[in-house]
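Participant: turn this into a structure:
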Amino acid sequence: MRWDELLREVTTVEAVRAKVEVRGVQYDSRRVRAGDAFVAMRGGVTDGNRFLDAALQKGATAVVTDSAEMFAELRGRQPELALALVEREKNGGRRALAEVSAAVFGHPEKKLKISAVTGTNGKTTTAFLLEQMLQSVGRKCVLLGTIETHVAGAVRASEHTTPESRDILALFAEGVRAGCTEAVMEMSSHALDQERVWGLPVDVAIFTNLTQDHLDYHGTMERYAKAKARLFEGVGGPPPRVAVINDDAEYAGRMIDAYAGEEFVLRYGTTESANHRAENVRLELGRTTFDFVTPTATVRVETPLSGRVNVENLLAAMCAALARGLNLEQVVAAAAKLRPAPGRFEVVPGSRSAGFTVVVDYAHTDDALKNLLALARDFVGDGRVITMFGCGGDRDRTKRPKMGRVAGAGSDLVVVTSDNPRSERPEAILDEVMVGIRETGVECVVEVDRARAIALAIGAARPGDIVLLAGKGHEKVQIFADKTVAFDDVAEAERVLREVRP
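Facilitator: Below you'll find the model as predicted:
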């Protein structure tokens, strides 16, 4: 793509024209190749302008910068360089990265119908379920989420819930080449606030819920809600065609008020105010049935998903699938064959043969843990609920006693352990968790080492019990101040079951 053509699609303060071809785009100087445009912007941790010379040495043929000082210096030092200055304020650098990337990759975002899920809990499962529903009628999909990225069925690990715009658009372009027509993505509050999704034309926007999380970044629930609501306003693009809102969620009204579209809102839930709702719900482990009541018809749904929380997730996915053109018959057929997302109420293989059930779940907020415990109670009967969990370091500390209180109130035995302590001392994190646990009087064991904690929880189980290993779910590493080590709750539980319960 010629530089002068690219400039027509970028909002600049000033630009130097040059007769060069731009073959790619990067924001990380280490990834630059000859012919790339390098977008230098100030981020939350570092400033890409510090690496401009490194990018040029690696062959960057054009530079977009949000630094007036660097723009003036480069123009004076290399007057023939293809160069553009964008506004630093109002996320000008990130907006420019999205605009440059969309142009360079040939606007793949316009060739896909995008469904985006936001919320504190349920994003990953809802996205996984919606992708499966779309695939059930033969549509090829791109999936971007916390656990995995999918491109036309090819699976790879995800580094971020919502990547930078350049990486999103690169995946979209790959998907278009592979024949994809749909994209399903999780949109985190960080990505919405930082405008990593600038310019994406979301077709269907989904809101699951909003409970306390990420206040280390947002500061207040009001700012957290405001970030989530941006999905329904449109972030540098048109508002969504359809909004799918959890009518049972506390902040549902806020999202509906923010919705700037003109078509319609699908309100899902379990109460009369929801225009798409579940009635006559029956729950079994590995089987859930309910009546799906819509404005046009009522149908019976049967799914292998477990628990009330998955009724909400499934309702969200079904409503989004309807918005994407599936009919009720197709939605019901797809629901019967759904698979849960990895690390979301994942039953550890071999545990049930020991007479009890071991479940791994990502629940890492007090609300998610409360839902997980309620789900376990639905199935445990006369057995006990044994919960092992921890809280992450360098994250919202106010969650810790709340999670302790929830765990104590809903469990018969609690094992408190490390999650990802990061730069914090694990014992200090556990002390804050114990403040809430002590209020409940529940039997509790403290074991900093997560592997030993898993062994303790499983070793305490009796026939009929459920052991919940919460907090890390799909994650395959544990992060400490000085190292990151391989750690998988499912694999560790399987090892314990083989050794402790042969």
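Participant: was I right to think residue 292 contacts residue 278?
Facilitator: Yes: assessed by CB atoms under 8 Å, residue 292 is found in contact with residue 278 at 6.4 Å. Yep, even glycine has a C-beta here, placed from its N, CA and C like the rest.
Participant: so what's in contact with those two at the same time?
Facilitator: 301, 315 (CB atoms under 8 Å, 6 or more residues apart in numbering).
Participant: next SSE after the helix or strand of the chain with the lowest mean pLDDT?
Facilitator: Lowest by mean pLDDT, DSSP states H and E among the helices and strands of the chain is helix 215-218, with a mean of 67. Counting by DSSP states H and E, the next helix or strand C-terminal to helix 215-218 is helix 221-233.
Participant: how far out from the middle of the chain is that following helix?
Facilitator: Between the centre of helix 221-233 and the centre of its chain there are 15 Å (CA atoms, centre = their mean, to the nearest Å).
Participant: what comes up buried for that helix?
Facilitator: Residues 221, 224-233 are the ones in helix 221-233 that count as buried (16 or more other CB atoms under 10 Å).
Participant: would residue 117 count as being in a strand?
Facilitator: Yes: assessed by DSSP: H, G, I helix; E, B strand; the rest coil, residue 117 belongs to a strand.
Participant: for it, list each beta-bridge partner.
Facilitator: Listed by DSSP bridges, the beta-bridge partners for residue 117 are residue 186, residue 206.
Participant: and the nearest residue to residue 4 once chain neighbours are set aside, what is it in contact with?
Facilitator: Leaving aside its sequence neighbours, residue 4 sits nearest to residue 17 (CB to CB, 6 or more residues apart in numbering; 5.7 Å). By CB under 8 Å, 6+ apart, the residues touching residue 17 are 3-4, 7, 82.
Participant: quick one, strands of the stretch 151-300 of the chain?
Facilitator: For the stretch 151-300 of the chain, the strands defined by DSSP state E, counting those that start in this stretch cover 154-157, 182-186, 202-207, 242-246, 264-269, 276-284, 287-293, 298-303.
Participant: how about those in a markdown table, adding mean pLDDT, distance to residue 118 and mean neighbour count?
Facilitator: Converted to a markdown table, the strands of the stretch 151-300 of the chain look like this (pLDDT from 0 to 100; distance: least, CB to CB, whole Å; neighbours: other CB atoms under 10 Å):
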| stretch | mean pLDDT | distance to residue 118 | mean neighbour count |
| --- | --- | --- | --- |
| strand 154-157 | 89 | 22 | 10 |
| strand 182-186 | 97 | 7 | 26 |
| strand 202-207 | 97 | 6 | 27 |
| strand 242-246 | 97 | 11 | 26 |
| strand 264-269 | 92 | 15 | 21 |
| strand 276-284 | 95 | 18 | 15 |
| strand 287-293 | 97 | 23 | 18 |
| strand 298-303 | 98 | 23 | 15 |
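Participant: as JSON lines, those strands with distance to residue 383 would be great.
Facilitator: JSON lines is the format used below for those (distance: least, CB to CB, whole Å):
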{"stretch": "strand 154-157", "distance to residue 383": "35"}
{"stretch": "strand 182-186", "distance to residue 383": "34"}
{"stretch": "strand 202-207", "distance to residue 383": "35"}
{"stretch": "strand 242-246", "distance to residue 383": "31"}
{"stretch": "strand 264-269", "distance to residue 383": "30"}
{"stretch": "strand 276-284", "distance to residue 383": "15"}
{"stretch": "strand 287-293", "distance to residue 383": "19"}
{"stretch": "strand 298-303", "distance to residue 383": "24"}
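Participant: how about these, which one is nearest residue 119?
Facilitator: strand 202-207 (5.6 Å; CB to CB).
Participant: list the buried ones in stretch 146-162?
Facilitator: Under the neighbour-count criterion of 16+ other CB under 10 Å, stretch 146-162 has 146-152, 158, 160-162 buried.
Participant: same question for stretch 163-180.
Facilitator: 163-176, 180.
Participant: low-confidence stretches in the stretch 201-350 of the chain?
Facilitator: Within the stretch 201-350 of the chain, the stretches with pLDDT under 70 are 213-216, 218, 263.
Participant: thinking again about what came up before, nearest to residue 272, of the contacts of residue 17?
Facilitator: residue 7 (54.5 Å).
Participant: so what's the residue nearest to the closest one when sequence neighbours are not counted up against?
Facilitator: Sequence neighbours aside, residue 15 is the residue nearest to residue 7 in space, at 5.5 Å (criterion: CB to CB, 6+ apart). Residues counted as contacts of residue 15 (CB under 8 Å, 6+ apart) are 7, 83-85.
Participant: ok so, going back, out of the strands of the stretch 151-300 of the chain, flag the one nearest residue 385.
Facilitator: Of all the strands of the stretch 151-300 of the chain, strand 276-284 comes closest under CB to CB, at 15.6 Å.
Participant: now find how far off-centre stretch 63-72 is within its chain.
Facilitator: On the basis of CA atoms, centre = their mean, stretch 63-72 sits 33 Å off its chain's mean C-alpha point.
Participant: ok now stretch 353-362, how far from the chain's centre?
Facilitator: 24 Å.
Participant: and stretch 487-500, by the same measure?
Facilitator: Per CA atoms, centre = their mean, the centroid offset for stretch 487-500 relative to its chain is 26 Å.
Participant: CA atoms of that stretch as PDB?
Facilitator: Listed next in PDB are the C-alpha coordinates belonging to stretch 487-500 (Å, rounded to 0.1, in the frame of the first residue of the first chain):
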ATOM      1  CA  PHE A 487       1.300 -25.200  36.700                       C
ATOM      2  CA  ASP A 488      -2.000 -26.700  35.600                       C
ATOM      3  CA  ASP A 489      -4.700 -27.300  38.200                       C
ATOM      4  CA  VAL A 490      -6.300 -30.100  36.100                       C
ATOM      5  CA  ALA A 491      -3.000 -31.900  35.500                       C
ATOM      6  CA  GLU A 492      -2.000 -31.500  39.200                       C
ATOM      7  CA  ALA A 493      -5.400 -32.900  40.300                       C
ATOM      8  CA  GLU A 494      -5.000 -35.800  38.000                       C
ATOM      9  CA  ARG A 495      -1.600 -36.500  39.400                       C
ATOM     10  CA  VAL A 496      -2.900 -36.400  43.000                       C
ATOM     11  CA  LEU A 497      -5.800 -38.700  42.100                       C
ATOM     12  CA  ARG A 498      -3.400 -41.200  40.700                       C
ATOM     13  CA  GLU A 499      -1.000 -41.100  43.700                       C
ATOM     14  CA  VAL A 500      -3.300 -40.400  46.600                       C
END
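Participant: can you pull the buried residues of that stretch?
Facilitator: Buried residues in stretch 487-500 (16+ other CB under 10 Å): 487-490, 492-494, 496-497.
Participant: for the stretch 351-500 of the chain, give me the ranges with low pLDDT.
Facilitator: Where the stretch 351-500 of the chain drops to pLDDT under 70, the residues are 500.
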